[in-house]
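Colleague: Got a predicted model here, sequence first, then my questions.
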Amino acid sequence: MDKIKQLFLLALSSLTLYSAAAVYEKTVFAEWDKPSINVFYVLPEEVNDQTEILFIIHGNSRNADGYIEVWANHAKDKNIILIAPEFSRSKFSNYNTLQMSSSTGKILKNRDLYLNNSIDIMFNHYKNLFGVKTDLYKIYGHSGGAQFVHRYLLMSDEPKVKTAVAANAGWYTFLDGGSFPYGLKEPPIGLTSKNIRNFLSMDLHIHIGSHDVKVTSSLNQSDGAMRQGPNRFKRAINFYQSLSTMTEQNNLDFNWSYKEIRGVDHSNRKMAPSAAAVLID
């Protein structure tokens, strides 16, 4: 076999492998008053009246494409659209706090970049674009994405969320004690008792890997975060227990659940199966 033919076959083989891995499509979302972002998505074989939408929020690595590849395996042959926005570091460096503060607690003043209500804007756009009938969406976030998800449900105006999973968050916004973003004192936007009640009544699942205990440079170690616990595992327990106690003492509806995923550390790939069992029928 001559050298040119060998190179041609090698290139063809590489293209085939790449095509097999590229299970998603990529587009640019610019239908809002914020910087445009990349969006990765996967469609089912047919979109019909029963098709659902699941948003997937990446961690601090910003690899939305890697996240949607993992989730595409769980959504195979299911009637659901996967949508993974990419909040780039250059445009949304603090997406995990909805671009409202830094992780050290400094409130950011540029309200034009705040990400509360952002997913609902995307949902309305893609619902119309793909001809989906559902009025509600599902949402999953891992690590920084889990921070985004629980703050999004709290800080947005009646988000159209059916079910949510926040997995392996690094730290949280507690409802008692501390200034934002660690607590709700002096929030950057107005919040009402309705925000709180809606937040607590949502179908939100807090998932944490039982082995997610390492203290690495990526873990927020500011004073406010360290008061929540020494690692992600302890912080998840403390966050859920604080809300459980508060809602019981104040006779409030509390529709959340808490689950420890045994033997799993800080990994979206390993956390995805338990989340998919909740989010994908």
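Modeller: Sure, I can see it.

Colleague: Okay, buried residues for stretch 209-217 please.
Modeller: Under the neighbour-count criterion of 16 or more other C-beta atoms under 10 Å, stretch 209-217 has 209, 211-212 buried. C-beta here means a position set from N, CA and C on the backbone, and glycine is covered the same way.

Colleague: wait, I meant stretch 55-71
Modeller: Neighbour-count burial for stretch 55-71 flags 55-60, 62, 64, 66-71 (criterion: 16+ other C-beta under 10 Å).

Colleague: Also stretch 154-164?
Modeller: For stretch 154-164, burial by neighbour count (16+ other C-beta under 10 Å) applies to 154-156, 159, 161-164.

Colleague: Mind checking which of these are in strands?
Modeller: Among those, DSSP state E puts 161-164 in strands.

Colleague: In this structure Gln147 contacts Gly141, no?
Modeller: Yes. Judged on C-beta atoms under 8 Å, Gln147 makes contact with Gly141 at a distance of 7.3 Å.

Colleague: Where does pLDDT dip in the stretch 151-281 of the chain?
Modeller: Nowhere does the stretch 151-281 of the chain drop to pLDDT under 70.

Colleague: Could you pull out the strands in it for me?
Modeller: Listed in chain order, the strands of the stretch 151-281 of the chain (DSSP state E, counting those that start in this stretch) span 161-167, 204-209, 257-261.

Colleague: Pull up the pairing partners for the second one, direction included.
Modeller: Each strand that strand 204-209 pairs with, and the sense of that pairing, follows from DSSP bridges: strand 161-167 (parallel), strand 257-261 (parallel).

Colleague: Can you redo those as JSON lines, where the extra columns are distance to Glu46?
Modeller: As requested, those are exported to JSON lines (distance: least, C-beta to C-beta, whole Å):
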{"stretch": "strand 161-167", "distance to Glu46": "21"}
{"stretch": "strand 257-261", "distance to Glu46": "32"}
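
Colleague: Report how many residues lie close to Thr97.
Modeller: Around Thr97 there are 24 other residues, counting by other C-beta atoms under 10 Å.

Colleague: For the closest residue to it other than its chain neighbours, give me its contacts.
Modeller: Spatially, and ignoring its direct neighbours in sequence, Thr97 is nearest to Pro181 (4.8 Å; C-beta to C-beta, 6 or more residues apart in numbering). Shown in contact with Pro181 (C-beta atoms under 8 Å, 6 or more residues apart in numbering): 97, 100-101, 103, 105, 151, 173, 224.

Colleague: returning to that earlier point: I'd like to know which of the buried residues of stretch 154-164 is nearest to Arg89.
Modeller: Set against Arg89, the nearest of the buried residues of stretch 154-164 by C-beta to C-beta is Met155 (21.3 Å).

Colleague: so what's that closest one closest to, chain neighbours aside?
Modeller: Of all residues not flanking Met155 in the chain, Asn116 sits nearest, at 4.3 Å (C-beta to C-beta, 6+ apart).

Colleague: how close does that neighbour sit to His207?
Modeller: 23 Å (C-beta to C-beta, to the nearest Å).
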